[in-house]
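Q: Could you work out the structure for the sequence below:
(chains A and B)
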There are 2 protein chains.
Amino acid sequence: MKKTFFALLFLNGFLLFAQTNDEKIIKEIYKSALTNSKCYSWLDYLSNNIGSRLSGSASAEKAVYYTKAELETLGFDRVFLQEVMVPKWVRGEKEVAYILDNKIKTNIPVCALGGSIATSKNGLTAQVIEVKSIQELESLGDKIKGKIVFFNRPMQPDNVETFVSYGGCVDQRYAGAKEASKFGAVATIVRSMNMRLDDFPHTGNQSYGDIPKSQYIPTAAISTNAAELLSKSLKNNPNLKFYLKQSCQQMDDVLSYNVVGELKGSEHPDKIMVVGGHLDSWDLADGSHDDGAGVVQSMEVVNIFKNMGYKPKNTLRVVLFMNEENGLRGGKKYAELSKSNNENHIFALESDSGGFSPRGFSFECDAAKLNKISSWKYLFEPFLIHSFTIGHSGADIEPIASKNIIKAGLRPDSQRYFDHHHAANDTFDAVNKRELELGAATMASLLYLIDQYGIE
Amino acid sequence: MKKTFFALLFLNGFLLFAQTNDEKIIKEIYKSALTNSKCYSWLDYLSNNIGSRLSGSASAEKAVYYTKAELETLGFDRVFLQEVMVPKWVRGEKEVAYILDNKIKTNIPVCALGGSIATSKNGLTAQVIEVKSIQELESLGDKIKGKIVFFNRPMQPDNVETFVSYGGCVDQRYAGAKEASKFGAVATIVRSMNMRLDDFPHTGNQSYGDIPKSQYIPTAAISTNAAELLSKSLKNNPNLKFYLKQSCQQMDDVLSYNVVGELKGSEHPDKIMVVGGHLDSWDLADGSHDDGAGVVQSMEVVNIFKNMGYKPKNTLRVVLFMNEENGLRGGKKYAELSKSNNENHIFALESDSGGFSPRGFSFECDAAKLNKISSWKYLFEPFLIHSFTIGHSGADIEPIASKNIIKAGLRPDSQRYFDHHHAANDTFDAVNKRELELGAATMASLLYLIDQYGIE
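A: Alright, predicted model coming up:
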């Protein structure tokens, strides 16, 4: 019994030491992020010197070389580019839209959806039919013919997690044109995916799926205030007309790159942990939240480890993915190369939900593994990180197919995210330096714990 | 045994029912706040139609009558004003400051601190001595004479809770002039209490304490960028001069009011629960976060209960306090009247930390009571409310002296608070509607639970 007692004491002492040491290191991680980080100035450069980074654009290419050069200052074993062919869509001239109601024109804030075709050069004018869903569209059948379909289901306000509300209405944007075309619509417009009422139209990807090219119709988003106005105007005059002109087009695919920095693991060089975000952004703003924040936070993780002199046991890769917004080609390419190289990924973490105050992570793993991870929660509590849930990780890391991989997504406070998402106000001034840094520290802390203890 | 078994089953069933019912009601509270609230439009009016509300100003008076009228629409048993004499300080003309370094003038964003005296009509010019603390000031003794003392200790960046950093350096603003005057300084300037580097000077209260009036010296805040510049300039040229001109003055006290709405308790009319914020704000902006948010959230609590048809068992008072910023006369008056009326307050909740995403509450109570309150935590978790700690409640409710009272403060995310606090950018556009509403729902939920179960 004595022996057991001492053994337990020893074990207890060891655990106590381990705990204390982890607490100390995580405190140091947060301190490093809040006092000695580079992420905010990296974001400043990405946003204000390079700007919007739509796949295939000159500025997306600049972002590749800028981040590669910055990664090269962080002491990686190697920094390299992964070639990937990406779609190139260009917006063309500023879109024009207005309501034509008894000869009164009311201009409407509008933007083409990514992947949409143009209208004819002179634009198109048609009556509008408002629907709240694709089901409602289908129920209207013949009434759609020759009309502009106006999808106007708002984001549900009573979800505390705004991403749930986004998931609940993004089908209107993504598949609205494809579905409306089947019934002979001439165009679709969609209420912007925005929780608040304002004048910003929000772009985003859409897909014509497998309908013939000849049936493609132009599709655009209008601001939430404009959606309210149009809906009200239609109640007064169902015969009003809507004018839309846009000149966007899909070009040939072009060569682009994922940017990768690799730090070889000191004990398990064959076990790979990925941390990343996506370099591309929509074209209406500089994409500071989506996903400049995730890019610079991923880079900051390594900066923090460097400042602390922490050498990961497992290989750590920072991956800055190209083309998340309109193709996911970068994410797919990374997974494809990883598979053909027989790589063993144990963990992947993406930050692609904005640079707001971090609240926790969502994990793609089973309940037992979440339990193990949740046993670290107390280490995060002093930093107000509290939410460890099962859920979506990140679009770019989704395709990675290692057998025992755990995937995670950083979950920042989501209330303001859709105020900026894919719109002209997703700009540097909307990011708070400390919130960005706290996100990076939270990511570094989780990576440290996974590196130390794994999740078996 | 069977009997016990059934008794336990019954008890269990009852608890299960109670739990389910609370979950249902709290869900309804959040839904009401997110879909059917008035707080954002109230704040719009307070901020954009009334504006800044410094005690004794015409707009503070307008705010009294506006909120009284709005409270009267909410079904209170009575809405009334509590007379209170408040200090009246006026800023006068826009302040002017510049660095004079080898005949080069550099203008500096500056604002007088609340309660400061003016400079002479032509302003004053003097050499500057930079210190990081009152202790350092004291150690310099005679060197202070004839100089402007520049307090430049920044808010500590590595506290996750920014209020801790505020507490760690606000003595420079509050007591800097009083202390520097003792050593013969001619004025003091203080680095703004702001976590970030920008060009906004942040005002706030200061006190000359009990030094004779003849020894009062002018005191002002400069922006954080200006503080960095001045510090750097002083390193290059310790003999540079600084010019300050301000024309603020303290007037006679004037009559003002707390605004109170009272809903009599259906079971315990003699037990009083208070929820409130403060009506007054600083004069540089409309005070949307400090504390327009707390005012409209407190009003919204009753709007939510009204929409749900919930009648509190205990008396519920919404109290909109006057003069938190530069005197706390409203809070003191409320407590004084409560004492002379022998009132029994069981609970007081203040929201005065901004309208940002709520994270939880800090409580002034003992550990046993916090334990009881913490047993409700699971009810808040679906709404991402996670932090229940011992700590400061709110300045206005501090003076209430009922024997068994528990006091609490809403704790929103604090990262952005000091970007706006007491500065010209504490404006309506800096408040997110949903974050404001979530705060109101969180307050209503806690009040509901306290009303139902008490904290004995």
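Q: use CA for all of it now, contacts and neighbours both
A: Noted.
Q: what about the helices in chain A?
A: For chain A, helices defined by DSSP state H occupy the ranges A:2-35, A:39-44, A:58-71, A:134-140, A:162-167, A:170-182, A:224-236, A:293-308, A:329-340, A:367-374, A:377-380, A:417-420, A:433-453.
Q: Where does the stretch 51-200 of chain A get nearest to chain B, residue-wise?
A: Closest residue of the stretch 51-200 of chain A to chain B, Cα to the nearest Cα: A:Asp158 (5.3 Å).
Q: need the contact list for that residue.
A: B:30-31, B:34-35 (Cα atoms under 8 Å, 6 or more residues apart in numbering or on different chains).
Q: out of the helices of chain A, nearest to A:Met273?
A: Closest approach to A:Met273 among those (Cα to Cα): helix A:433-453, 8.0 Å.
Q: hmm, who's touching that closest one?
A: Taking Cα under 8 Å, 6+ apart as the rule, helix A:433-453 contacts A:26, A:29-30, A:33-34, A:37, A:39-40, A:273, A:293, A:297-298, A:300-302, A:304-305, A:312-314, A:347, A:349, A:355-358, A:360, A:380, A:385, A:410, A:412, B:196, B:415.
Q: Hey, what's the angle from it to helix A:293-308? Just curious.
A: Put simply, helix A:433-453 runs at 60 degrees to helix A:293-308, going by axes from the mean of the first three to the mean of the last three Cα atoms, to 10 degrees.
Q: tell me the average confidence for helix A:433-453?
A: The predicted model assigns helix A:433-453 a mean pLDDT of 98.
Q: List the buried residues for that helix?
A: A:433-451 (16 or more other Cα atoms under 10 Å in any protein chain shown).
Q: how far does that helix sit from the chain's center?
A: 18 Å (Cα atoms, centre = their mean, to the nearest Å).
Q: and what of stretch A:72-79?
A: 25 Å.
Q: which stretches of the stretch 201-350 of chain A form strands?
A: A:219-222, A:241-245, A:249-263, A:268-278, A:314-321, A:344-350 (DSSP state E, counting those that start in this stretch).
Q: name the helices or strands packed onto the longest one?
A: Applying 3 or more Cα pairs under 8 Å, 6 or more residues apart in numbering or on different chains; DSSP states H and E, one finds that strand A:249-263 contacts helix A:58-71, strand A:78-90, strand A:314-321, helix A:329-340.
Q: average pLDDT across it?
A: Here the average pLDDT along strand A:249-263 is 98.
Q: Could you do stretch A:38-47 as well?
A: Stretch A:38-47 comes out with an average pLDDT of 98.
Q: tell me which residues of that stretch are tucked away?
A: Buried-residue list, stretch A:38-47, by 16+ other Cα under 10 Å: A:38-40, A:42-44, A:46-47.
Q: Now do it: distance from first to last residue.
A: 14 Å (Cα to Cα, to the nearest Å).
Q: before we move on, back to that, filter the contacts of A:Asp158 by proximity to chain A?
A: The subset of those within reach of chain A, by Cα under 8 Å from any Cα of the partner chain, is B:30-31, B:34-35.
Q: List phi and psi for the residue positioned nearest the centre of chain A.
A: For chain A, A:Asp352 is the residue whose C-alpha lies nearest the centre (Cα atoms, centre = their mean; 3.7 Å). Backbone torsions of A:Asp352, given as degrees, to the nearest 10, read phi -150, psi 40.
Q: Alongside chain B, which residues does chain A contribute?
A: Applying Cα under 8 Å from any Cα, one finds that chain A approaches chain B through A:30-31, A:34-35, A:157-158, A:160, A:196, A:357, A:383-384, A:386-387, A:413, A:415-416, A:432-435.
Q: change it to 6 Å
A: A:31, A:34, A:158 (Cα under 6 Å from any Cα of the partner chain).
Q: okay if I get those as CSV plus distance to B:Lys62 and pLDDT?
A: Formatted as CSV, the residues of chain A next to chain B follow (distance: Cα to Cα, whole Å; pLDDT from 0 to 100):
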residue, distance to B:Lys62, pLDDT
A:Lys31, 45, 98
A:Leu34, 42, 98
A:Asp158, 33, 97
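Q: Check the stretch 251-400 of chain A for the residue nearest chain B and tell me.
A: Counting by Cα to the nearest Cα, the stretch 251-400 of chain A gets nearest chain B through A:Phe383, at 6.1 Å.
Q: Next, count neighbours for that residue.
A: 19 (other Cα atoms under 10 Å in any protein chain shown).
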